[in-house]
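> Turn this into a structure:
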Amino acid sequence: MKLVALKNAIVETAKDIQCNHTFAMAAGLSYYFLLSLFPLLIFIAGILAYIPIPGLFEEILNTMSRFVPGPAMGTVREILSSVLTPPATGWISFGLIFTIWTASSGFAALIEGLNVAYDVPETRPYWRVRLLALGLAVAVGSCVIVGLAVSLLGPRFGQILEEHRHAGPLFAAVWPTIHWVVIVASIVIAVEVLYYMAPNVKQRFLSAFPGALLAIGAWIGASYVLGIYMREFANYNKTYGAIGGVVALMLWFYVSATALLIGAEVNSELLKATGCILPTKEAPEPKNLNEEVRAA
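Next comes the predicted model:
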């Protein structure tokens, strides 16, 4: 791609962010993310209660704390502690039913946001979009679980296996590299699948790669800066009282949604810069002749 075309794509992306109300749409997505978070964690906690690994759920929360800012993570721990004490298996069914609904609603809203970012109309039936939202929730969730599982094993997992004679020295030497490669790859694939499947536009799988890398880089950087800001400068508990942690969590979700939408805007403009017309995955239904006459 020529530098002039790349420059024009960047300029058009900045214009589209304003025209498509990207920040307002990210605010709406943050609500859906917040709504689905706690039912999902409650469901995971109920499932992990049957796995004989002590402290596994706590390790998952510790892994989350690497990305979620401190005040927001404190609220997550406090709410889960009050809900899951004493533990009850009934939370599994509640968590599953509510998570399926809220997760599909969140991904359905994300599909709409990505359609706006790609400047394409939604021509797929409502039921198909809902099924797609459920499928994306499973696919993206599976990628996240893989990355989370490898993260929980830690970089010393290969060395531990070698000490117990379950693996050789070669595996122990390369495991730290494999550990980080799998974690990064799982995140990249999750976002890549989201950009490829969700919007109603025909594109090659690798066409979404630049925006995925940009979104992940922006998300990690923004989360790090936001964590410093909340830790050193902002005092949400003092400003907002008891809901300070919830406000902090919503802000982090807002930043995450913004990164996802901006990455999609970049992909859209890069495709247009190559001269590609963005066709929809399903052609719109032809209008009734009487309706066309009335419109005329």
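
> separation between A72 and I228?
According to CB to CB, to the nearest Å, A72 stands 14 Å off from I228. Every residue, glycine included, has its C-beta placed from N, CA and C.

> These two: which is more packed in?
Neighbour totals were compared for A72 and I228, and A72 leads with 24 against 12 (other CB atoms under 10 Å).

> what sits against the more buried one?
M230, G245, A248, L249, L251, W252 (CB atoms under 8 Å, 6 or more residues apart in numbering).

> so where does it fall, helix or strand?
Taking DSSP states H and E as the definition, A72 sits inside helix 70-83.

> any idea of the mean pLDDT for that helix?
Here helix 70-83 scores 68 as its mean pLDDT.

> Could you export the contacts of A72 as TSV, including distance to I187?
Shown next, in TSV, are the contacts of A72 (distance: CB to CB, whole Å):
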residue	distance to I187
M230	22
G245	25
A248	22
L249	20
L251	21
W252	16
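
> so which of those comes closest to L34?
Using CB to CB, L249 is the member of the contacts of A72 that lies nearest L34, at 6.4 Å.

> What sits closest to that closest one if chain neighbours are left out?
A72 (3.7 Å; CB to CB, 6 or more residues apart in numbering).

> again, but for L134
Take L134 and drop its neighbours on the chain: the residue closest to it by CB to CB, 6+ apart is S104, 4.9 Å away.

> likewise V188?
A212 (5.8 Å).

> List the contacts of the helix or strand that contains the one you found.
Here A212 sits within helix 209-232, counting by DSSP H and E. Residues from elsewhere that reach helix 209-232 (CB under 8 Å, 6+ apart): 67-72, 187-188, 191-192, 195, 236, 248, 251-252, 255-256, 258-260, 262-267, 270.

> Which members of these are classed as buried?
Buried members of the contacts of helix 209-232, scored by 16 or more other CB atoms under 10 Å, are 68-69, 71-72, 187-188, 191-192, 195, 236, 248, 251-252, 255-256, 258-260, 262-267, 270.

> Could you list the low-confidence segments of the stretch 151-296 of the chain?
For the stretch 151-296 of the chain, the stretches with pLDDT under 70 are 165-166, 234-242, 275-278, 281-296.
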